[in-house]
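1. With the input below, show me the fold.
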Amino acid sequence: LEEQQIVVTSSLGVCTYPKDGKDAASLLQHAELAMYLAKKEGGNHFKLYHQRMKRQSEKSLSMQIELRNGL
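-> Below is the predicted model:
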């Protein structure tokens with residue numbers, strides 16, 4: 001590490017109480033979903049949680065399950 005440059009980046013998911021959840025578990029779940037979307041878009045930035053993210057995630061998961069069952 002003495003002569004190597006290290007670059008650290010971060011991706012954040014942000015949600016707010018009580019709009020996005022009323023307990024720690026739902027807030028963490030929603031923030032995590034937003035974080036994964038920030039990473040998917042190239043990382044090193046943040047994403048604000050929105051309810052449509054959860055619907056899109058559920059739709060994508062449902063489609064993956066249907067495709068696996070179809071194979």
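
2. Can you show me the strands along this structure?
-> 12-14, 46-48 (DSSP state E).

3. nearest to residue 31, of those?
-> Residue 31 sits nearest to strand 12-14 of all these, at 4.2 Å, using Cβ to Cβ. From N, CA and C alone the C-beta is placed, and that goes for glycine too.

4. Name the surrounding residues that touch the closest one.
-> With Cβ atoms under 8 Å, 6 or more residues apart in numbering as the contact definition, strand 12-14 has outside contacts at 30-38, 45-49.

5. Sort out which residues of it are buried, please.
-> By 16 or more other Cβ atoms under 10 Å, the buried positions in strand 12-14 come out as residue 13.

6. Kindly reformat the strands of the chain as TSV containing distance to residue 25.
-> Below are the strands of the chain laid out as TSV (distance: least, Cβ to Cβ, whole Å):
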stretch	distance to residue 25
strand 12-14	15
strand 46-48	19
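
7. In the protein, which helix is the longest?
-> helix 51-70 (DSSP state H).

8. Counting by contacts, list what that helix packs against.
-> Applying 3 or more Cβ pairs under 8 Å, 6 or more residues apart in numbering; DSSP states H and E, we find helix 51-70 packed against helix 24-40.
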